[in-house]
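Student: Below are the sequence and a predicted model; questions follow.
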Amino acid sequence: MPNSARELAKKLAVFQRNEITEYHVYRGLAQLAGGSNAEVLARLAEEELGHYRALAEYTHREVGPSRWRVLLYRLAARVFGLTFAIKLMEAGERRAEDSYSAVAKELPELERIVADETEHESELLGLVDEERLGYLSSMVLGINDALVELTGALAGLTFALRSAPLVGLAGLITGVAASLSMAASEYLSTKSEGGSKSPLKAALYTGAAYVFTVTLLVFPYFLFSSPYAALALALANALVVIVLFTFFMAVVRDLGYRRTLAEMAAISMGVAFLSFLIGLLLRTALGVEA
């Protein structure tokens, strides 16, 4: 077999594996979705299976799906919501379209699959409609505010008090009070704006996001006796939250991931560093000893 034919066969086998993988992914998402969304996803699954069978006529072999990708998409849908998983699939369809277009020059029969992949991308965009996505701004408000305020407060308290239990207790009280305040503010803000968003749900999303972030940042102070070790883990947790939530926002809002990540990390860590200095300076200036 000539090298060019061998390379083409390898590419077709990769495409075939992608098609059977997407078939299983769409079937899994259809089971999680409801109503017309489930019907569309089930139909897309059958079309992907048709692509797999068409490619099998060229490769003359059976190929299994990528099990980890199937599990990853299903897990993403359960944890982050159907919209998040669908947006990831949309990006995959776009990449598949580009790959098929390149090979279609050598195998014109693939042009039909290219057209189908383009249609799949537009259909997936039409499915992006989920309640939690409408309240994304409330979640962003809760998480961003908790990251900025609490990382700064914990850094300042660590060097002012130098006692892990005291800092943890102070941080927990501050965080719970702030979460209630933020939830109340979001309720009033959403109510005054009108629109279709429920003020109560917006408040709950904001408060829940804030409490979740507070818990991750404060628990190290009840885990370590050294306040500095606790601060290091708290800042590491803050970075993990920033990375995960920025990725979520970048996917569902089509944002630039690196730029958004750098911006959020710089703000949170910058405030923490300034608060660290303020706590150290106040401790020295006031002559406070723990």
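Tutor: Yep, it's here. Numbering: from 1, shown residues only.
Student: and the helix or strand containing Gly50, what does it pack onto?
Tutor: According to DSSP states H and E, Gly50 maps onto helix 35-59. In this structure, helix 35-59 packs against helix 3-32, helix 111-127, with contacts taken as 3 or more CB pairs under 8 Å, 6 or more residues apart in numbering; DSSP states H and E. The way it works is simple: take the backbone N, C-alpha and C, and place the C-beta from them, glycine included.
Student: looking at the ones you listed, which one has the lowest mean pLDDT?
Tutor: Per-stretch averages of pLDDT across these put helix 111-127 at the bottom, with a mean of 65.
Student: returning to that earlier point: can you give me the offset of the helix holding Gly50 from its chain's centre?
Tutor: Averaged C-alpha coordinates place helix 35-59 at 27 Å from its chain's average position (CA atoms, centre = their mean, to the nearest Å).
Student: do the same with stretch 60-71
Tutor: Centre-to-centre, stretch 60-71 and its host chain are 25 Å apart (CA atoms, centre = their mean).
Student: What residues sit buried inside that stretch?
Tutor: Buried residues in stretch 60-71, defined by neighbour count with 16 or more other CB atoms under 10 Å: Val63, Pro65, Ser66, Arg69, Val70.
Student: ok, and the helix or strand in the chain with the lowest average confidence?
Tutor: For the chain, counting by mean pLDDT, DSSP states H and E, helix 131-134 ranks last in confidence among helices and strands (a mean of 59).
Student: Show the subsequent helix or strand relative to that one.
Tutor: Per DSSP H and E, the first helix or strand lying C-terminal to helix 131-134 is helix 136-161.
Student: Show me how the record splits the chain into domains.
Tutor: Following the assignment in automatic domain parsing, the chain carries domains at 3-129, 132-286.
Student: comparing these, which gets the lowest mean pLDDT score?
Tutor: domain 3-129 (a mean of 76).
Student: Show the contacting residues for Val241.
Tutor: Shown here is Val241, whose contacts under the criterion CB atoms under 8 Å, 6 or more residues apart in numbering are Ile143, Leu147, Thr213, Leu216.
Student: what do you get for Ser225?
Tutor: Ala164.
Student: Could you state which residue of the chain sits nearest its centroid?
Tutor: Phe248 (2.2 Å; CA atoms, centre = their mean).
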